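J.: I'll drop the sequence and a predicted model, then ask my questions.
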Amino acid sequence: MLSLFFLLACETEERAPIVGNDGVVFRYIPAGRYQVGSSSDNAPLDEQPSFWAKTEGFYIMETEVTNQQYVQYLNAEKLTPDEVAQYVGIRGYSTRPTEIVYTGSRYRASLGYEDHPVSTTNFTGALSYCQWIDARLPTEFEWEVAARGGSENNDYPWGNDADPTQANVEKRWKTGGRMPTTSVKTYPANKFGLYDLIGNVAEWTSSHYSGYPGSSNTIFQSDDKLRLVVRGGDWYSTWNEARVSFRRNVKPQNRGLFEGALGFRCLLEQP
């Protein structure tokens, strides 16, 4: 968890990535003091004020969870299509599915989409996968620290300018076509070695949507109107919606944003 206090510098120790038995790679994010939120007067109120947060070191998946990785989970748990439909959209059971199909005995990723991020997952579908690999979803501040790649004031992991060579953003779904996701690692990694923090699919966090410390923006939550924070934007998002500080509040049962889609990556505490 994150708490507010000041450190002189971030931890500089580099650690080797952790590779799970299923091939999932986790990259290390050093402990330290990081700036989160936006200091721009033009930023939405829920991104203000910018403040410094301290985080312990952690490992986070270098890519979004892929269709193939999610299929391994579904087959291992032997979930029925009706059960799976409560977690993620699959072909034949959803009007806007991800590229996962049920063959009558097992699940598989659509040919050519094995390394695309799983999409149209709701919060429970994301959380259950992370728990299956003994991990958890990141908080929104852990996600932002990882996405910034060590920078403080940039709008994007690479700088302040929208750059279509860096992320899958502002795409449109062709009638009768496939969701315009791209393979993970299509675009460059940030300085922490992480891919697709911006665009492709938006990512669930475990954080309840609320105002920042010191904010005049009062946000009320109730059990029947709970909203969780989603970060990073997706292939349909505008560049403004894909900034590292941009916050989207989403109901936990939702599986998409307008025409775009929801995915996730998992986090490991320090071993």
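T.: Sure, I can see it.
J.: Please count neighbours and contacts with C-alpha atoms only from this point.
T.: OK.
J.: what's the closest residue to residue 22 other than its chain neighbours sitting at in phi/psi?
T.: In space, residue 22 comes closest to residue 69 once its chain neighbours are excluded; the distance is 7.5 Å by Cα to Cα, 6 or more residues apart in numbering. Main-chain dihedrals, residue 69, degrees, to the nearest 10: phi -70, psi -40.
J.: One more: residue 205?
T.: Per degrees, to the nearest 10, the backbone of residue 205 is at phi -120, psi 170.
J.: got a list of what it touches?
T.: With contact taken as Cα atoms under 8 Å, 6 or more residues apart in numbering, residue 205 is in contact with 137-140, 143, 228-231, 264.
J.: Now do the helices in this protein.
T.: Counting by DSSP state H, the chain has helices at residues 67-77, 81-84, 123-132, 140-148.
J.: Run a quick neighbour tally on the residue nearest to residue 22.
T.: Neighbour count for residue 69, taken as other Cα atoms under 10 Å: 21.
J.: From residue 115, how far off is it?
T.: Per Cα to Cα, to the nearest Å, residue 69 is found 8 Å from residue 115.
J.: swap in residue 149?
T.: Distance check for residue 149 against residue 115: by Cα to Cα, it reads 23 Å.
J.: before we move on, what about residue 62?
T.: With Cα to Cα as the criterion, residue 62 and residue 115 are 13 Å apart.
J.: cool, and residue 140?
T.: 25 Å.
J.: Who has more neighbours out of these two?
T.: Of the pair residue 140 and residue 115, residue 140 is the one with more neighbours under other Cα under 10 Å, namely 24 against 20.
J.: these two touch, right, that one and residue 209?
T.: No. Contact between residue 140 and residue 209 fails when scored by Cα atoms under 8 Å: they sit 9.3 Å apart.
J.: Show me whatever sits in contact with both of those two.
T.: residue 229.
J.: Grab the nearest non-local neighbour of the spatially most central residue of the chain.
T.: Closest to where the C-alpha atoms of the chain average out (Cα atoms, centre = their mean) is residue 203, at 2.4 Å. In space, and not counting its chain neighbours, residue 203 is closest to residue 264: 4.3 Å by Cα to Cα, 6+ apart.
J.: Tell me how many other residues surround the one you found.
T.: 30.
J.: do the same with residue 181
T.: 24.
J.: same question, residue 22
T.: Counted with other Cα under 10 Å, residue 22 comes out at 10.
J.: for the one 10 residues further on, same thing?
T.: Around residue 32 there are 20 other residues, counting by other Cα under 10 Å.
J.: how about the strands in the stretch 51-200 of the chain?
T.: 51-55, 58-61, 100-102, 107-109 (DSSP state E, counting those that start in this stretch).
J.: Including mean pLDDT, could those strands go into a markdown table?
T.: Compiled in a markdown table, the strands of the stretch 51-200 of the chain are given as follows (pLDDT from 0 to 100):
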| stretch | mean pLDDT |
| --- | --- |
| strand 51-55 | 78 |
| strand 58-61 | 96 |
| strand 100-102 | 94 |
| strand 107-109 | 96 |
